[in-house]
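> Here's a sequence, model it:
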Amino acid sequence: MRNFTIVLFVFNSFLAQAKSPLQEKYPHGLLTDDYGVLTEADLVYAAKGVERTPYKIEDGSSAYQRWQCFETKKMLFRYSTWRDDYTDFGRGATLCDYSFQVNDEQGVRHLYVARRAKELVDCRELFKEWKKVRKDSKYTCILGEPGSYENKEKGWIWGKTKTKSKCMSYFVGECDSEKKLKEYENEK
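The predicted structure is shown next:
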């Protein structure tokens, strides 16, 4: 019985360290298992982000977009609001910023934040879209550009969120990675 327990432990350890084929091929672009949500086009197009956004992050490396996948039930979409009386030529507006939040297996809190403030109606629409994207999905993958890391919190700039059945993105048309790759290649 003891030998069986040791074999089972070794086998489970091997499985825990095994990487998916996409992780093996794109180790910097996919930081977790993709659970069958992502395609190779998703990872290739994310890697092209280095060429599309030639700025550097704090450590001097390129702003390579990275995918991570989590259990959907662990992901939260939050937004906060405030009144800005100087927006839109003095008319004023209620603005919001939003984020996706999730804790990984190591206890690191990942915070995927918006690129800029939006009007409240936009955050409400994004929340409705998020509910549709996550519906009936066990896993959700999220793409972001890396940012700061301190006090067990990792900051990201949100790009898109994808499940097996749906996708939502900050930029219009970014969910169709195959189409965007073709457009990008034609621009060269």
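
> so where do the helices sit in this protein?
2-17, 21-25, 40-47, 49-52, 120-134, 177-187 (DSSP state H).

> ranking the ones you listed by mean pLDDT, which is last?
Of all these, mean pLDDT reaches its minimum on helix 2-17 (a mean of 40).

> what's the residue closest to the geometric middle of this protein?
Ile142 (2.1 Å; C-alpha atoms, centre = their mean).

> What's opposite Gln68 in the beta bridge?
Counting by DSSP bridges, Gln68 forms beta bridges with Ile142.

> these two touch, right, it and Cys141?
Yes: with contact defined as C-beta atoms under 8 Å, Gln68 reaches Cys141; the gap is 6.9 Å. In short, each C-beta sits where N, CA and C put it, glycine included.

> quick one, which of these two is more surrounded?
Between Gln68 and Cys141, counting by other C-beta atoms under 10 Å, Cys141 is the more crowded of the two (25 against 20).

> and the gap between the more buried one and Lys180?
As judged by C-beta to C-beta, to the nearest Å, Cys141 and Lys180 stand 16 Å apart.

> what residues are up against Leu31?
Neighbouring residues of Leu31 by C-beta atoms under 8 Å, 6 or more residues apart in numbering: Arg66, Trp67, Gln68.

> Among those, which one sits closest to Ser99?
Gln68 (14.5 Å; C-beta to C-beta).

> who's in contact with the closest one?
Gln68 is in contact with Leu30, Leu31, Thr32, Asp104, His110, Cys141, Ile142, Gly144, counting by C-beta under 8 Å, 6+ apart.

> Quick check, pLDDT for it.
Taking Gln68 on its own, its pLDDT is 97.

> per-residue confidence at the residue nearest to the centre of the chain?
At Ile142, the pLDDT value in this model is 98.

> What separation is there between it and Pro21?
The gap separating Ile142 from Pro21 is 20 Å, by C-beta to C-beta.

> same deal with Gly36?
11 Å.

> Looking at the two, which is more packed in?
Gly36 (13 against 9).

> Okay, the more buried one and Gly173: tell me how far apart.
Gly36 is 24 Å from Gly173, where distance means C-beta to C-beta.

> What of Lys74?
Lys74 sits 28 Å away from Gly173, going by C-beta to C-beta.
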